[in-house]
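Q: give me coordinates for this.
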Amino acid sequence: MAVVKFTVKPQDLEGIFNDAVGARCNTVLVGGAAEPLYQPATARLPARILYRRDYLRSALHEVAHWCLAGPLRRQLPDYGYWYSADGRDAEQQAAFFCVEARPQALENLFCNALAVPFSISVDNPGVVLEQGVLAHFQDRLHMELTRFSAQGLPGRALRFLRALDNH
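A: Residues are numbered from 1 along each chain as shown. A predicted model of the protein is given here:
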């Protein structure tokens with residue numbers, strides 16, 4: 001008997017998100033952007049989670065950030081976070097890792113639900129990390145996964161994960 005492998009396309013993911021979570025939160029997931037970006041809702045438009053080109057992992061990662069952002073952060077462009085482009089120095093990379101453990105842990109859970117391979121992102125191509133830096137980040141990511149397992153997921157993340165599981 002042949003095993004049928006289901007592949008989720010980014011457009012499918014947009015529909016899953018928009019139907020299961022986004023509609024009730026006045027938010028839409030939109031692909032095709034040159035760079036990921038969150039745009040808060042306006043009087044005329046819903047909030048928009050823009051993900052890079054048509055990359056499924058980019059969409060899952062951006063949804064993870066949205067699921068974790070509180071009400072005040074969701075009123076700010078890109079949730080009020082700074083972003084440094086490629087070529088970060090060691091201090092900037094350390095700051096990046098500090099804010100990325102939780103979203104990447106959540107992204108990992110979303111990837112697992114879709115049977116999509118997950119890999120840690122340092123989001124800084126070509127960077128040479130000091131010994132132990134990546135291992136420390138991996139430990140923090142594992143700690144966040146353990147915390148989600150013990151304490152449960154935030155509401156929006158749980159609804160989205162259930163929608164992925166049901167797809």
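Q: and the gap between the most centrally placed residue in the chain and residue 17?
A: The centre of the chain sits closest to residue 61, judged by Cα atoms, centre = their mean, with a distance of 1.9 Å. As judged by Cβ to Cβ, to the nearest Å, residue 61 and residue 17 stand 13 Å apart. C-betas here are computed from N, CA, C, even on glycine.
Q: next: residue 105.
A: For residue 105 relative to residue 17 (Cβ to Cβ), the value is 19 Å.
Q: mind listing what the closest residue in space to residue 20 that isn't next to it in sequence touches?
A: With Cβ to Cβ, 6 or more residues apart in numbering as the criterion, residue 20 has its nearest non-adjacent residue at 3.4 Å, and that residue is residue 163. Applying Cβ atoms under 8 Å, 6 or more residues apart in numbering to residue 163 gives the contacts 16-17, 19-21.
Q: from the residues you listed, list the buried ones, please.
A: Listed as buried from the contacts of residue 163 are 16-17, 20-21; burial here means 16 or more other Cβ atoms under 10 Å.
Q: residues in contact with the longest helix seen in the chain: which ones?
A: Scanning the chain for the helix with the most residues, using DSSP state H, yields helix 90-114. Outside helix 90-114, the residues within contact range by Cβ under 8 Å, 6+ apart are 8, 56-57, 60-61, 63-65, 67-68, 81, 84, 88, 117-118, 120-124, 127, 129-130, 133, 136-137, 140-145, 148, 153, 157, 160-161, 164-165, 167.
Q: can I have the buried ones of these as a ChimeraX selection?
A: Buried subset of the contacts of helix 90-114, written as a ChimeraX selection, criterion 16+ other Cβ under 10 Å:
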select :8,56,57,60,61,63,64,65,67,68,88,118,122,123,124,127,129,133,137,140,141,144,145,148,153,157,160,161,164
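Q: among the contacts of helix 90-114, which lie within strands?
A: Within these, no residue falls in strands by DSSP state E.
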